[in-house]
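[1] take a look and give me a structure for this.
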Amino acid sequence: MTELSGQPCPTCPSSDAFSYSTTKKVGWCFSCAAGYPKSGVRYSDETLALYPLGDLDNDDDFAAPEPTQGSYVSLREISAETMEFFDVKTVASQSGEPLSQTYVYPSGATKTRLFPKDFRATGKMDSLFGQNRFTAGTSKMVTITEGELDAMSAFQMLGGNNSRYATPVVSLPSASPSKDFWQNVIPWLDSFPKIVLSVDADGPGDEVAQKINALFPHKTYRVDHSIYKDANDFLVAGKAQEYKAAWFGASRFTP
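    I've put the predicted structure just below:
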């Protein structure tokens with residue numbers, strides 16, 4: 001079965017949240033949460049040309065089945081066990097192709113990734129992803145990444161929940177969090193003696209490092225990613241041991 005993802009929705013104004021099955025001739029929009037075709041709706045010739053209904057007549061009383069609510073599955077070498085620990089569920093097509101993945105933040109806010117790389121957020125992002133998975137001050141170190149997949153990757157490579165070397169790993173909700181966000185997370189971060197940054201070696205990553213170092217000038221360290229962009233790149237490349245070595249060798253951040 002072929003899935004066309006990132007398509008314009010025939011029901012709402014979204015230009016890239018619709019996924020259509022060319023085999024089943026049905027679709028689903030992750031923006032307006034509507035199935036296609038929808039019972040009682042007569043579609044234009046232009047829409048039917050883009051998303052044919054096959055043997056179904058346009059006047060038929062037919063509603064496309066809604067996709068599942070998602071499940072904990074392995075993706076980009078991140079195990080289903082790690083996904084479950086962080087409560088990250090993936091919605092996939094019948095052929096197994098990932099369509100969307102939802103990250104739940106401690107406040108109840110969510111960020112949904114529409115594959116390959118589009119995002120929708122609901123609620124107020126005023127906390128760190130994964131922050132509620134770790135009690136404040138229960139480790140000597142906390143690791144911060146720029147993305148949810150990187151946080152789960154780093155956590156898994158450092159031993160997950162089954163290693164004495166495991167450390168709390170969290171991620172920022174965006175490259176430029178709000179002032180309220182920093183006010184909310186500073187007490188939690190400050191409960192750890194050492195803050196390790198596993199961020200990209202680029203402009204946004206450098207800005208994040210500068211910001212956190214300004215808040216915690218005597219305990220901010222940074223992992224050298226070498227040739228790899230981020231933690232998930234290490235994991236996908238099968239370089240977990242190299243990541244652990246780089247993490248253990250993180251150096252004091254110098255502005």
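[2] if I look at Asp180, how far off is Pro204?
    20 Å (CB to CB, to the nearest Å). For every residue, glycine as well, the C-beta is placed using N, CA and C.
[3] more crowded one of those two?
    Pro204 (14 against 11; other CB atoms under 10 Å).
[4] within the helices and strands, which one has that one?
    Assigned by DSSP states H and E, Pro204 falls within helix 203-215.
[5] gap between that helix and the chain center?
    21 Å (CA atoms, centre = their mean, to the nearest Å).
[6] list the helices and strands that helix packs on?
    helix 179-190, strand 194-198, strand 220-222 (3 or more CB pairs under 8 Å, 6 or more residues apart in numbering; DSSP states H and E).
[7] ok, and what's touching it?
    The contact list for helix 203-215 (CB atoms under 8 Å, 6 or more residues apart in numbering) reads 144, 146, 172, 175-176, 182, 186, 189, 195, 197, 199, 220, 222, 253, 255.
[8] buried stuff in it?
    For helix 203-215, the neighbour count (16 or more other CB atoms under 10 Å) marks Gly205, Val208, Ala209, Ile212, Asn213 as buried.
[9] make a markdown table out of those and add pLDDT.
    Listed next are these as a markdown table, based on pLDDT from 0 to 100:
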| residue | pLDDT |
| --- | --- |
| Gly205 | 92 |
| Val208 | 93 |
| Ala209 | 95 |
| Ile212 | 96 |
| Asn213 | 96 |
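[10] just the closest of those residues to Ala49, please.
    Gly205 (44.2 Å; CB to CB).
[11] a markdown table for the helices and strands packed on helix 203-215, including mean pLDDT and distance to Thr122?
    Shown next, in a markdown table, are the helices and strands packed on helix 203-215 (pLDDT from 0 to 100; distance: least, CB to CB, whole Å):
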| stretch | mean pLDDT | distance to Thr122 |
| --- | --- | --- |
| helix 179-190 | 94 | 16 |
| strand 194-198 | 98 | 27 |
| strand 220-222 | 98 | 31 |
